[in-house]
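Student: next comes the sequence, and after it the predicted model I'd like to discuss.
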Amino acid sequence: MRYPWNVTGGSTALRWLHASESVILFGPVGVGKTHVAQALGHLAVRQGANVRFAKTSRVLAELAGGHADRTWDKRMRELIRPDVLILDDFAMRQLSAAQADGLYELVSERQGRSLIITSNRAPSDWYPLFPNPVVAESLLDRLINTGHQVIMNGPSYRPNKRPRNPASKIDTPPIG
C-alpha cells in the first residue's frame, strides 16, 4: 500500500501537506486513526505548519455557538486559518441542516488548505448523514476528491490497555 506520507533517511516528506491535499483515515473503532492523525499533525508542526486538532462534534458546537452570539465569522476564521485542521470522529451521527451548512462553509473556505479526517465510517457511507443531498454531494465531493483515503483495519488496540488482573483490587479502608 502506498501512503500519502513518506519517511526517508530520517527526514519526513509530507507530500499531501505541500500539495494542500487532505488525508481521510477510516476504519473500525480502536485501530489507531486518531493516533495516526495526531502523528501526522505533529510531523506537520515539525515542518513549520500551523495545526489544529478538534473533535468534529466540538467544531459543530463551536459554530452553533457562533450563530447564537453572533461570532460565527470570527469562529469560522479561526477554523480556516490553520495550515492543517484535524477533524476527529467525523460522520459519527446524523447532521442537522445547520450543522451540514456549517461544515460545507468550513470545507469550502478551507480550499487550498489540508484537512485530516478520522471516521468510523467509509466516505461512501457519509451521504445519508446529510439532510440535503445537494449540500452532501458538494461538500463530500470537495473532501473525497482532494483527499487520500486510508483504510485502517484490524483489531482494536484498546483491549491491550485493560488491567492484566482485574480481580486484584487496591486496598481500601473498611467503611464504617
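Tutor: Yep, that arrived.
Student: K55 against D89, yeah?
Tutor: Yes - contact status for K55 versus D89: in contact at 5.5 Å, counting by Cβ atoms under 8 Å. Backbone N, C-alpha and C define where each C-beta goes, glycine included.
Student: look up how far T34 lies from V134.
Tutor: With distances taken as Cβ to Cβ, to the nearest Å, V134 is found 31 Å from T34.
Student: actually, P155.
Tutor: Counting by Cβ to Cβ - P155 and T34 are separated by 16 Å.
Student: what does S22 give?
Tutor: Remark: distance between S22 and T34 (Cβ to Cβ) = 16 Å.
Student: ok, now K55?
Tutor: Counting by Cβ to Cβ, the gap from K55 to T34 is 9 Å.
Student: P155 and T34: which has the busier surroundings?
Tutor: Taking other Cβ atoms under 10 Å, P155 and T34 do not tie; T34 has more neighbours (16 against 10).
Student: which residues sit in contact with the more buried one?
Tutor: D88, D89, T118 (Cβ atoms under 8 Å, 6 or more residues apart in numbering).
Student: just checking, the second one touches S57?
Tutor: Yes - using Cβ under 8 Å, D89 is in contact with S57, at 6.8 Å.
Student: pLDDT below threshold where in the chain?
Tutor: 1-13, 160-176 (pLDDT under 70).
Student: all helices of it, in order?
Tutor: 15-18, 33-46, 56-69, 72-80, 97-109, 133-145 (DSSP state H).
Student: would you turn these into JSON lines with distance to D125?
Tutor: As requested, the helices of the chain are exported to JSON lines (distance: least, Cβ to Cβ, whole Å):
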{"stretch": "helix 15-18", "distance to D125": "23"}
{"stretch": "helix 33-46", "distance to D125": "15"}
{"stretch": "helix 56-69", "distance to D125": "15"}
{"stretch": "helix 72-80", "distance to D125": "24"}
{"stretch": "helix 97-109", "distance to D125": "15"}
{"stretch": "helix 133-145", "distance to D125": "11"}
